[in-house]
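>>> No letters, just coordinates:
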């Protein structure tokens, strides 16, 4: 590996990966390729903006000419694809964009990468492709049972990756991350939304009874898992990157409020999401066998996350306006009785 294209890396997990790779591998050139949709934010990349081995190109993975041009310009030999529409609520409101990016975009990226002759292609996916897990743990060979347009689109992208591995012999690896949290996460997801709302003493719209179980994974641990899979994963294989830390949403929100010194009375139970999966849980033994291990406990990671949002209001306050507020009102106004 020498010239790495990291798509969608102005977003949450992708930017964490780009910052990590630029620092850890100074002999790699890390090229970030991002469309800069609502969740893409160049502020996420400010810490590496002046580094010699970092480049940024604006573009859409579903734009064949743009993909072809960036592969040629930097003689790319490795692709890590984070680019995706990723919020379940938005996929219910408007699924078209999810199919466009998460399926068509992945196809174009694979097709142009194959024609360019790249080495490794790593597709970043999600535990949501397994669907609702009532008991036990999902392992990599389990069937896909996606229950939201988002999860279905990610499953479709994965199947396209498999097809290019089998049909064209491409060197592909897939990672499936669990419910990731940490600094720089766009405040439509549960923790950054609720932290920033709680800081302003606003009600926290918690879906249903709040007892949905998620496997919480700190973003820094997710990034190291992708690194291990990238460098040591077997071609054609998938690897779960699991927090192996199952917590209900309501317990996580209460713990967050305790860290902020805010009352639990801010929690307001609202109408549940359509098709809301009750439980996700994965087994990460396959990735651990390659040498991966988590670096932080959940309480430590949650505190670090809360502290970051407290200390970086400059980052999230300017996001929570305009398009963001339009979306927030569409999603929560009726549920909160706040017209």
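That came in fine, so what should we check first? It should be emphasised that the depicted structure is a prediction, and the values quoted were computed from it without experimental measurement.

>>> what are the ranges of the strands in the protein?
Counting by DSSP state E, residue ranges of the strands within the chain are 3-7, 29-34, 54-58, 78-81, 120-126, 171-177, 179-181, 204-207, 213-218, 237-241, 246-248, 267-270.

>>> Can you add mean neighbour count and give the ones you listed back as a markdown table?
Using the backbone N, CA and C atoms, a C-beta is placed for each residue, glycine as well. As requested, the strands of the chain are exported to a markdown table (neighbours: other CB atoms under 10 Å):
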| stretch | mean neighbour count |
| --- | --- |
| strand 3-7 | 25 |
| strand 29-34 | 26 |
| strand 54-58 | 17 |
| strand 78-81 | 25 |
| strand 120-126 | 24 |
| strand 171-177 | 23 |
| strand 179-181 | 24 |
| strand 204-207 | 20 |
| strand 213-218 | 23 |
| strand 237-241 | 24 |
| strand 246-248 | 17 |
| strand 267-270 | 16 |
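
>>> Please identify which of these is closest to residue 69.
Closest to residue 69 of these, according to CB to CB: strand 54-58, at 8.5 Å.

>>> how about the strands of the chain in a markdown table, adding mean pLDDT and distance to residue 256?
Shown next, in a markdown table, are the strands of the chain (pLDDT from 0 to 100; distance: least, CB to CB, whole Å):
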| stretch | mean pLDDT | distance to residue 256 |
| --- | --- | --- |
| strand 3-7 | 98 | 30 |
| strand 29-34 | 98 | 29 |
| strand 54-58 | 98 | 32 |
| strand 78-81 | 98 | 30 |
| strand 120-126 | 98 | 22 |
| strand 171-177 | 98 | 21 |
| strand 179-181 | 97 | 10 |
| strand 204-207 | 95 | 9 |
| strand 213-218 | 96 | 11 |
| strand 237-241 | 98 | 23 |
| strand 246-248 | 95 | 11 |
| strand 267-270 | 95 | 10 |
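
>>> now the ones you listed as a markdown table including distance to residue 22?
Below are those laid out as a markdown table (distance: least, CB to CB, whole Å):
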| stretch | distance to residue 22 |
| --- | --- |
| strand 3-7 | 10 |
| strand 29-34 | 5 |
| strand 54-58 | 5 |
| strand 78-81 | 13 |
| strand 120-126 | 17 |
| strand 171-177 | 19 |
| strand 179-181 | 20 |
| strand 204-207 | 35 |
| strand 213-218 | 20 |
| strand 237-241 | 20 |
| strand 246-248 | 32 |
| strand 267-270 | 39 |
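
>>> Could you list the low-confidence segments of this structure?
Counting by pLDDT under 70, the chain shows low-confidence ranges at 338-339.

>>> Spell out, range by range, the helices that occur in it.
12-24, 64-73, 88-93, 96-99, 106-116, 149-168, 190-199, 219-232, 249-260, 285-288, 298-311, 313-317, 323-336 (DSSP state H).

>>> what residues does the longest one touch?
Translated: helix 149-168. For helix 149-168, the surrounding residues in contact (CB atoms under 8 Å, 6 or more residues apart in numbering) are 84-88, 90-92, 95, 98-99, 101-103, 105-107, 110-111, 114, 121, 123, 125-126, 128-129, 131, 144, 146, 170-172, 174, 235-236, 238.

>>> now it, how far from the centre of its chain.
Offset of helix 149-168 from its chain centre (CA atoms, centre = their mean, to the nearest Å): 17 Å.

>>> list the buried ones in it?
Across helix 149-168, burial judged by 16 or more other CB atoms under 10 Å covers 149-158, 160-162, 164-165.

>>> Enumerate every residue touching residue 295.
218, 220-221, 224.

>>> Nearest to residue 208 among those?
residue 218 (25.3 Å).

>>> OK, contacts around the nearest residue to the closest one once chain neighbours are set aside?
Closest residue to residue 218 apart from its sequence neighbours, by CB to CB, 6 or more residues apart in numbering: residue 301 at 3.7 Å. Going by CB under 8 Å, 6+ apart, residue 301 touches 181-182, 216, 218, 220-221.

>>> Residue 122 pairs with what?
residue 80, residue 173 (DSSP bridges).

>>> wouldn't it be in contact with residue 80 here?
Yes: shown here, residue 122 and residue 80 form a contact pair, counting by CB atoms under 8 Å, at 4.6 Å.
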